[in-house]
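In: Have a look; sequence and predicted model below, questions after that.
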Amino acid sequence: MTPQIASAAYVALILALFWFDRDHKVRTSWALWIPTIWLLINGSRAVSEWFDPVHTGDAESLEGSPVDAAVFGILLLAALGVLVWRRRRTARFLRANAPLLLFFAYCAISILWSDYSFVAFKRWTKAIGDPAVVLVVLTDLNPTAALQRVLSRMAFILLPLSVLFIKYYPTIGRSYDQWSWQPIYGGVTMFKNLLGMTCLVAGLGSLWSFMVAWRERKGRDRLRHMGPHAIIIAMAIYLFLTADSMTSFACFVLAGSLIVLASLRRISRKPTTVHLLVAAVIALALCAVFLPEANLVQSLGRDPTLTGRTRIWAAVISVVRNPMLGAGFESFWTGDRLHKIWVLINEPGIQEAHDGYLEVYLNLGWIGVALLAVLIVSGYRNVITLFRRDRKAGTIRLAFFVAGLVFSITEAGFRMMSPVWIVFLLSTMAVPIGKRRKDRPVASDQSARRASTESGSAYEDALEAI
């Protein structure tokens, strides 16, 4: 098959996925395209990199692309505009999520002692786009349907294109190791680890939608909605194995198992069982990494040093100057430290510690780690609270929460503007009790206006419909 024919076939496939997954009974806001585009960019490659797909960028450069800055700036302003328009619901969410606000506030304060304060400030400005787009989803009139739609859009676009690029456009979808010349499969991304993160988020989202369709729909309607997500799950597994992204694949298996088990009534009705499942998944991941005698890492095709990660961890810890405060927000991998670490590990180009918790420590110190711990504890409480009230919404939140924790053991999962971090933020956010409407289909704009007029709350419903 020629690349041109393959392109036409994959475009037809993408359109078919959207067509079969459509649901006219559920209405969501046009504003969902803001978080969708945000995830599409952060789950693939920057806009500037699409115009230069072969160039991988300069690891030492602190200056970003003005094109990327403009795109992210427009998306951030659009998200903030929507939240201001929905200010009543936004205010309720902000009041309910003090730990998250405190964490980002400390990130902003840490800019003061960064070696490159202006660069750190620009990065923080872009980073607040993550909670902003998450709030756009959660303040939608139908938040669960909105989340399902955003995840489906991301999956239906990025995963088929990744397969297309890897198979038919090697100059875009592949690169080669500079020493061994072994192929590295990136698909729509520049690196295999990012492809793994994208597949992890998209795969879990489609598995959740698959289980929801299996549980709530009947007959042909069930098959019509299960089919597209079954295709995405198969593509995600193919890309995991092709890219050799074993960390993401392991997280998909563990978190995906939670989705399946939590969908069973026998388990979901017993809170203690859910707690035990979460504890078992996290304990299994910790044993695999820190107990070499368990041979779990070797069974995934990795050496006991986790492909050199233990060497990286020792090197980065040795150059920490201020353990309590850290180097400042997103500032550790800059300046002299970068060259020193490259010399210590003899691996030029590396820009992450391959551990999310360690990454927070390097940039924000022990204070940042403590605030992250508060965010995790409060986030788990929020997940369980929502799971008890709304099993459908709580199941995917639980999966994303556990995936974020496990993924960050050996990858920089808590790094801003990464797909895993974005959905982890979504999972930890508290939903204000008593103010959240149950998801319901909206027949038409006219009926919505008529119902709101009769109830005397047309202004509030108009705000929520944006």
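Out: Looks like it came in fine.

In: where do the helices sit along the stretch 1-150 of the chain?
Out: Per DSSP state H, counting those that start in this stretch, the stretch 1-150 of the chain carries helices over the ranges 3-21, 33-42, 47-51, 66-85, 87-96, 98-109, 117-127, 129-138, 143-168.

In: now do the stretch 201-350 of the chain
Out: Assigned by DSSP H, counting those that start in this stretch, the stretch 201-350 of the chain shows helices spanning 219-243, 246-262, 265-268, 271-290, 296-299, 309-318, 335-345.

In: still on that earlier bit, now the helices of the stretch 1-150 of the chain as a markdown table including mean neighbour count and mean pLDDT?
Out: C-beta here means a position set from N, CA and C on the backbone, and glycine is covered the same way. As requested, those are exported to a markdown table (neighbours: other Cβ atoms under 10 Å; pLDDT from 0 to 100):
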| stretch | mean neighbour count | mean pLDDT |
| --- | --- | --- |
| helix 3-21 | 14 | 94 |
| helix 33-42 | 22 | 96 |
| helix 47-51 | 15 | 87 |
| helix 66-85 | 16 | 94 |
| helix 87-96 | 16 | 94 |
| helix 98-109 | 17 | 96 |
| helix 117-127 | 18 | 93 |
| helix 129-138 | 25 | 96 |
| helix 143-168 | 23 | 95 |
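
In: possible to save those as CSV with distance to residue 379?
Out: CSV is the format used below for the helices of the stretch 1-150 of the chain (distance: least, Cβ to Cβ, whole Å):
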stretch, distance to residue 379
helix 3-21, 29
helix 33-42, 19
helix 47-51, 31
helix 66-85, 20
helix 87-96, 12
helix 98-109, 8
helix 117-127, 18
helix 129-138, 12
helix 143-168, 16
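
In: Assess the claim that residue 155 and residue 206 are in contact.
Out: Yes: contact criterion Cβ atoms under 8 Å: residue 155 and residue 206 qualify, at 5.2 Å.

In: Select, out of the helices of the stretch 201-350 of the chain, the one closest to residue 127.
Out: Closest of these to residue 127 is helix 335-345, at 20.0 Å (criterion: Cβ to Cβ).

In: can you tell me the average pLDDT over the closest one?
Out: Taken as a whole, helix 335-345 has an average pLDDT of 85.

In: Excluding residues flanking it in the chain, which one is nearest residue 332?
Out: residue 362 (4.1 Å; Cβ to Cβ, 6 or more residues apart in numbering).

In: ok, now how distant is the one you found from residue 353?
Out: The spacing between residue 362 and residue 353, counted by Cβ to Cβ, to the nearest Å, is 6 Å.

In: Residue 207 too?
Out: Using Cβ to Cβ, residue 207 is found at 29 Å from residue 353.

In: List the residues that contact the closest residue to residue 10 other than its chain neighbours.
Out: Sequence neighbours aside, residue 164 is the residue nearest to residue 10 in space, at 4.5 Å (criterion: Cβ to Cβ, 6+ apart). Going by Cβ atoms under 8 Å, 6 or more residues apart in numbering, residue 164 touches 6-7, 10, 173.

In: Now with 10 Å, please.
Out: Going by Cβ atoms under 10 Å, 6 or more residues apart in numbering, residue 164 touches 3, 6-7, 9-11, 13-14, 172-173, 187-188.

In: Closest one of the residues you listed to residue 151?
Out: Minimum distance to residue 151 across the contacts of residue 164 is 15.2 Å, recorded for residue 14 (Cβ to Cβ).

In: The closest one: what's it in contact with?
Out: With the criterion set at Cβ under 10 Å, 6+ apart, residue 14 makes contact with 156-157, 159-161, 164, 228.

In: Go through the helices of the stretch 1-150 of the chain and name the closest to residue 270.
Out: Nearest to residue 270 among these is helix 143-168 (22.5 Å), distances taken as Cβ to Cβ.
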